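Asks: Got a predicted model here, sequence first, then my questions.
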Amino acid sequence: MAKKKHHAKKTTHRRRSHKVSGIGGELSTLLFAAGGAIAANYIVKALPASIDSKISNAVPLAMGIALPMFVKNPMVKQISLGLGIQGTLGTLKAFNVISGVGGYELPMIGATDFLRLQTPTPVVAGVKKKMETYTY
């Protein structure tokens, strides 16, 4: 009986990806998460005022956890990430676990505060002083 001839296997070459940058995926994730955080603020404001703030801030957190369980979409997953983060921050603030997140100004060194156009105040070395003689 004759030996069976075997052919050499063809080698496969993997094509290289020629992407310039991977910023597209991260940028869309950031935008959808920011949209989820903004939506969380609207959700909390839309709830009746009679609901305790601890419960109303926990609603976006619960939505951020539950939404990806029902909708299997990467975009919805990113939106729920923003909902969850904003809900977590609001809930922790309501329970006084953390304080001082948002609603405060950072001191500026050697700059002028142009945001208050009515009363411009120069900022020197982190201390704000009103100067009536200061002109722009």
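Replies: Right, received. Where do you want to start?
Asks: how deep is Lys72 tucked in, by neighbour count?
Replies: Neighbours of Lys72 under the rule other C-beta atoms under 10 Å: 8. For every residue, glycine as well, the C-beta is placed using N, CA and C.
Asks: Could you measure from it over to Lys3?
Replies: For Lys72, the distance to Lys3 (C-beta to C-beta, to the nearest Å) stands at 54 Å.
Asks: so what secondary structure elements neighbour the longest helix along the chain?
Replies: In the chain, assigned by DSSP state H, the helix with the most residues is helix 23-46. Applying 3 or more C-beta pairs under 8 Å, 6 or more residues apart in numbering; DSSP states H and E, we find helix 23-46 packed against helix 53-70, helix 74-94.
Asks: angle of it against helix 74-94?
Replies: If you take axes from the mean of the first three to the mean of the last three C-alpha atoms, to 10 degrees, helix 23-46 sits at 50 degrees to helix 74-94.
Asks: Need the contact partners of helix 23-46.
Replies: For helix 23-46, the surrounding residues in contact (C-beta atoms under 8 Å, 6 or more residues apart in numbering) are 56-57, 59-60, 63-64, 75, 78-87, 90.
Asks: rerun at 10 Å
Replies: If you take C-beta atoms under 10 Å, 6 or more residues apart in numbering as the criterion, helix 23-46 is touched by 21, 51, 53, 56-61, 63-64, 67, 74-90.
Asks: Need the buried ones from those selected in PyMOL.
Replies: Selection of buried members from the contacts of helix 23-46 for PyMOL, criterion 16 or more other C-beta atoms under 10 Å:
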select buried, resi 56+57+58+59+60+61+63+64+67+77+78+79+80+81+82+83+84+85+86+87+88+89+90
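Asks: For the longest helix of the chain, buried residues please.
Replies: Neighbour-count burial for helix 23-46 [16+ other C-beta under 10 Å]: 29, 32-34, 36-37, 39-40, 43-44.
Asks: pLDDT of it, averaged?
Replies: On average, the pLDDT along helix 23-46 is 89.
Asks: Low-confidence stretches in the chain?
Replies: Applying pLDDT under 70 to the chain flags the ranges 1, 17-23, 100-136.
Asks: swap the cut-off to 90 and go again
Replies: Across the chain, residues meeting the criterion (pLDDT under 90) sit at 1-29, 49, 53, 74, 93-136.
Asks: Many thanks, we can stop here.
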